[in-house]
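**Student:** sequence below, structure please.
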Amino acid sequence: MMLWKVVAQECATRCHTSTIADYKIICERVKHEGISFLTITLPNFGKDFEKSLDRGKVDPDSFLGFRRAGPRKSKEGLPLLLGGFLDRVFDRGSGVLLNDPDIEAIRSVRQLTLMFGKVQIPCSEERVFAAMKGYIECEKEIRVSDSRLSEIDYSEFRRVSEMLFGQMFSDLDQQVFDREDIVPKHGPGATADKLRGNSKYRQTTWPSRLQELFPMEEFLVPNSSFWDELGEVDLLEPGQEIPVKVISVPKTLKTPRIIAIEPTAMQYAQQALLERFDDLIHKDNNLRNMIGFRYQSPNQRMARKGSYNGRLATLDLSEASDRVSNQLVREMLINYPHLLGAVDACRSRKADVPGYGVQRLAKFASMGSALTFPVEAMVFLTICFLGIERGSNTLLSPRHIPMYRGRVRVYGDDIIVPVDHVESVVSMLEHFGAKVNAGKSFWNGKFRESCGKEFYDGEDISIVRVRHEFPTQRTDATRVISLVSLRNQFYYSGYWATCKWLDEEIRNLIRHFPVVLPSSRVQGRHSFLGFETQKLGKALHNPLVKGYAVSAELPNDELDGSGALLKYFLKRGDLPFADESHLERAGRPRGVDINLGWFSSV
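**Tutor:** Numbering: from 1, shown residues only. Take a look at the predicted model:
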């Protein structure tokens with residue numbers, strides 16, 4: 001509450017208004033409704049504000065649950081809450097957007113209403129259960145959507161995907177057949193069979209579906225000299241395969257994020273294909289300008305452009321990955337049998353859903369599969385061009401595709417398309433089973449949002465978000481680190497008074513809080529004025545400060561023999577492993593700590 005008050009006062013100073021009455025309203029609502037007012041109700045106010053910017057006026061169905069300036073039960077006029085800011089954006093009498101709204105007021109309303117919307121607090125059991133039920137309902141809806149699609153729909157989908165990805169699919173199909181550059185990879189994350197770190201290089205099971213295109217003789221041992229060790233590996237028939245494990249992780253207090261943890265063998269093979277998809281897409285001049293895996297900045301630049309010229313729309317999809325039908329993916333790859341076989345072989349077919357048991361999947365894959373991101377992007381891009389064809393009433397050919405560079409782009413569930421075709425694209429996405437999030441899709445006004453950045457009329461109005469609750473003691477390292485990060489984000493956004501207040505809060509937790517560069521290990525203050533030097537290092541004569549640095553010790557996990565050799569052969573690049581003790585410790589740290597000492601400030 002004190003953070004909200006300090007930020008509100010600074011916003012009020014910028015916009016020459018007052019937030020004294022607003023703070024009283026906030027306190028009263030939090031007293032009666034609890035933290036959910038800050039994390040759910042107030043963010044709903046912010047979302048309605050964004051839709052009002054898009055519509056160009058405040059509608060009666062906006063800002064429900066907040067008193068208006070008119071008669072007590074009236075739905076007309078502007079809300080009383082943050083009225084001083086709203087008056088600088090909308091006409092109070094009519095609710096119509098002003099011709100020249102105050103950009104700073106727009107930024108302030110968003111900051112004050114959305115700041116706590118994504119605090120990572122575990123949801124109630126009821127909300128988690130509802131999310132799992134939604135996961136099951138989504139499966140049913142995919143099957144219904146598949147049944148409604150005609151052969152003409154599938155034929156058109158295949159034609160457009162061939163036009164966009166034909167050459168890439170052909171190249172990758174040949175690579176899979178030749179097993180050229182198809183090199184598997186383990187990640188540091190959890191797996192459904194509970195293998196972690198170096199243990200993943202000692203797999204004792206292998207799905208038989210993988211054997212034809214990902215033979216264990218080539219993937220599980222360094223070379224043929226170790227084939228005798230494969231006698232200990234159990235080949236799992238489809239009925240014996242380990243299903244993906246569906247779990248919830250904190251997203252917002254309103255709803256958790258649902259992800260699926262893949263088995264080790266599946267993730268291992270998926271990573272091999274992911275790398276090839278990524279490389280081939282970035283070698284194609286058209287595709288690298290239309291699909292994003294590595295960088296969000298192209299989407300953000302296009303969103304900014306769309307906010308001032310009004311020609312580009314930003315679309316957001318709900319449950320994006322969970323609504324990509326496996327049947328659509330099969331149709332997309334049907335002319336490339338080796339690639340289709342490889343993608344299908346490393347796709348998990350079943351999921352263990354809490355409260356519902358093991359379920360057969362109609363979706364391609366949930367968030368958690370290494371192939372979810374690239375495959376959904378290709379499916380959505382194909383559907384977008386089907387929508388563009390319908391909107392322009394033109395049958396597109398390969399020579400038309402370059403015309404849409406800088407006008408069409410897909411990054412996960414963030415989609416950018418020309419405003420001229422947005423309605424036909426939205427219609428086509430929903431026809432093929434996607435669910436367009438109307439609350440986060442914009443194309444009418446001057447507000448645009450994509451990949452975590454928001455713009456109005458070309459101006460960046462992105463906000464600083466609180467991700468964790470405030471720590472109460474220094475030993476709560478994760479929250480201390482988050483609080484320091486929050487302070488520095490406010491600093492770069494120009495909230496100097498807020499930074500000053502946060503500096504005092506942080507010093508109550510950690511006494512040593514020096515000025516350092518962002519590249520320093522030290523949990524310190526960032527400044528445009530440089531860095532602090534308290535003494536020079538004896539060996540390197542580098543600037544040192546006394547402060548707290550993050551310490552995260554990897555779990556003990558020794559690896560030797562053929563597993564160690566396999567890990568070396570699977571390493572990318574010519575440089576040695578960054579951690580010399582990687583054969584003794586591996587995996588994700590079980591926790592983090594901050595330790596006091598003398599460290600470089602640069």
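**Student:** the closest residue to P337 other than its chain neighbours: helix or strand, and which one exactly?
**Tutor:** Nearest-residue entry for P337: D173, 7.4 Å, with adjacent residues in sequence omitted and distances by CB to CB, 6 or more residues apart in numbering. All C-beta spots, glycine's among them, are computed from the backbone N, C-alpha and C. According to DSSP states H and E, D173 maps onto helix 151-178.
**Student:** next secondary structure after that helix?
**Tutor:** Per DSSP H and E, the first helix or strand lying C-terminal to helix 151-178 is strand 205-207.
**Student:** can you give me the buried ones in the helix or strand following that following strand?
**Tutor:** Per DSSP H and E, the first helix or strand lying C-terminal to strand 205-207 is helix 208-211. Applying a neighbour-count criterion of 16 or more other CB atoms under 10 Å, one finds 209-210 buried in helix 208-211.
**Student:** ok, and what's touching helix 208-211?
**Tutor:** For helix 208-211, contacts defined as CB atoms under 8 Å, 6 or more residues apart in numbering pick out 216, 219, 235-238, 241, 265-266, 269, 344-346.
**Student:** okay, and the beta partners of P543?
**Tutor:** Here P543 sits in beta bridges with L536, going by DSSP bridges.
**Student:** might one say that it is in contact with G530?
**Tutor:** No: P543 lies out of contact with G530 (CB atoms under 8 Å); the separation is 10.0 Å.
**Student:** between these two, which one's more packed in?
**Tutor:** Taking neighbours as other CB atoms under 10 Å, P543 and G530 compare with P543 leading, 20 against 12.
**Student:** if I look at that one, how far off is A549?
**Tutor:** According to CB to CB, to the nearest Å, P543 and A549 sit 15 Å apart.
**Student:** for R521, same thing?
**Tutor:** To A549, R521 is 4 Å away according to CB to CB.
**Student:** who touches both of those two?
**Tutor:** What both R521 and A549 touch, as defined by CB under 8 Å, 6+ apart, is the set F599.
**Student:** quick one: low-confidence parts of the chain?
**Tutor:** Where the chain drops to pLDDT under 70, the residues are 70-75.
**Student:** surely V436 meets A313?
**Tutor:** No: V436 is beyond contact range of A313, at 10.8 Å (criterion: CB under 8 Å).
**Student:** show me which of those two is the more surrounded one.
**Tutor:** Neighbour count, other CB under 10 Å: between V436 and A313, A313 has more, with 23 against 20.
**Student:** and the more buried one, which of the three is it?
**Tutor:** strand (DSSP: H, G, I helix; E, B strand; the rest coil).
**Student:** so it bridges to which residues?
**Tutor:** With DSSP bridges as the rule, A313 is bridged to V417.
**Student:** in this structure it contacts W443, no?
**Tutor:** Yes: shown here, A313 and W443 form a contact pair, counting by CB under 8 Å, at 3.3 Å.
**Student:** name the helix or strand for the residue lying closest to L386 once chain neighbours are set aside, please.
**Tutor:** With CB to CB, 6+ apart as the criterion, L386 has its nearest non-adjacent residue at 5.0 Å, and that residue is M428. Assigned by DSSP H and E, M428 belongs to helix 422-431.
**Student:** so what touches that helix?
**Tutor:** Counting by CB under 8 Å, 6+ apart, 149, 153, 313, 315, 317, 380, 383-384, 386-388, 390-391, 415, 417, 436, 441, 443 sit against helix 422-431.
**Student:** returning to that earlier point: run the angle between the helix holding D173 and helix 422-431 for me.
**Tutor:** For helix 151-178 against helix 422-431, the angle by axes from the mean of the first three to the mean of the last three CA atoms, to 10 degrees is 70 degrees.
**Student:** list the helices and strands helix 151-178 packs on?
**Tutor:** With contacts taken as 3 or more CB pairs under 8 Å, 6 or more residues apart in numbering; DSSP states H and E, helix 151-178 sits against helix 264-283, helix 326-333, helix 337-345, helix 372-392.
**Student:** same for the host helix or strand of T13, what does it pack against?
**Tutor:** Assigned by DSSP H and E, T13 belongs to helix 2-15. Judged by 3+ CB pairs under 8 Å, 6+ apart, helix 2-15 is in contact with helix 20-33, helix 83-86, helix 103-114, helix 496-507.
**Student:** secondary structure class for E454?
**Tutor:** Following three-state DSSP, we place E454 in the strand state.
**Student:** spit out the contact partners of it.
**Tutor:** With contacts defined as CB under 8 Å, 6+ apart, the neighbours of E454 are 50, 110, 303, 447-448, 460-463.
**Student:** also A272?
**Tutor:** Contact analysis of A272 by CB under 8 Å, 6+ apart lists 182-185, 214.
**Student:** and these as TSV, adding distance to N309 and neighbour count?
**Tutor:** Below are these laid out as TSV (distance: CB to CB, whole Å; neighbours: other CB atoms under 10 Å):
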residue	distance to N309	neighbour count
I182	43	20
V183	44	16
P184	45	20
K185	42	16
F214	47	25
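**Student:** which of the residues you listed sits closest to Y492?
**Tutor:** Using CB to CB, K185 comes nearest to Y492 of the contacts of A272, at 34.5 Å.
**Student:** what about the closest residue to that closest one other than its chain neighbours, distance to V329?
**Tutor:** Leaving aside its chain neighbours, K185 sits nearest to Q271 (3.8 Å; criterion: CB to CB, 6+ apart). Going from Q271 to V329 by CB to CB gives 18 Å.
**Student:** out of the two, which sits in the busier spot?
**Tutor:** Neighbours were counted for Q271 and for V329 using other CB under 10 Å; V329 has more, 23 against 18.
**Student:** who's in contact with the nearest residue to the more buried one once chain neighbours are set aside?
**Tutor:** Spatial nearest neighbour of V329, chain neighbours left out: F364 (4.7 Å); criterion: CB to CB, 6+ apart. The contact partners of F364, by CB under 8 Å, 6+ apart, come to 321, 324-326, 328-329, 347, 371-372, 375-376, 379.
**Student:** and the residue of the chain most remote from its centre, helix, strand or coil?
**Tutor:** The centre of the chain is farthest from one residue, K538, which by CA atoms, centre = their mean lies 43.5 Å away. Per three-state DSSP, the secondary structure class of K538 is coil.
**Student:** distance of it from W598?
**Tutor:** Separation of K538 from W598 (CB to CB) stands at 10 Å.
**Student:** before we move on, what about H421?
**Tutor:** Where W598 is concerned, H421 sits at a distance of 59 Å (CB to CB).
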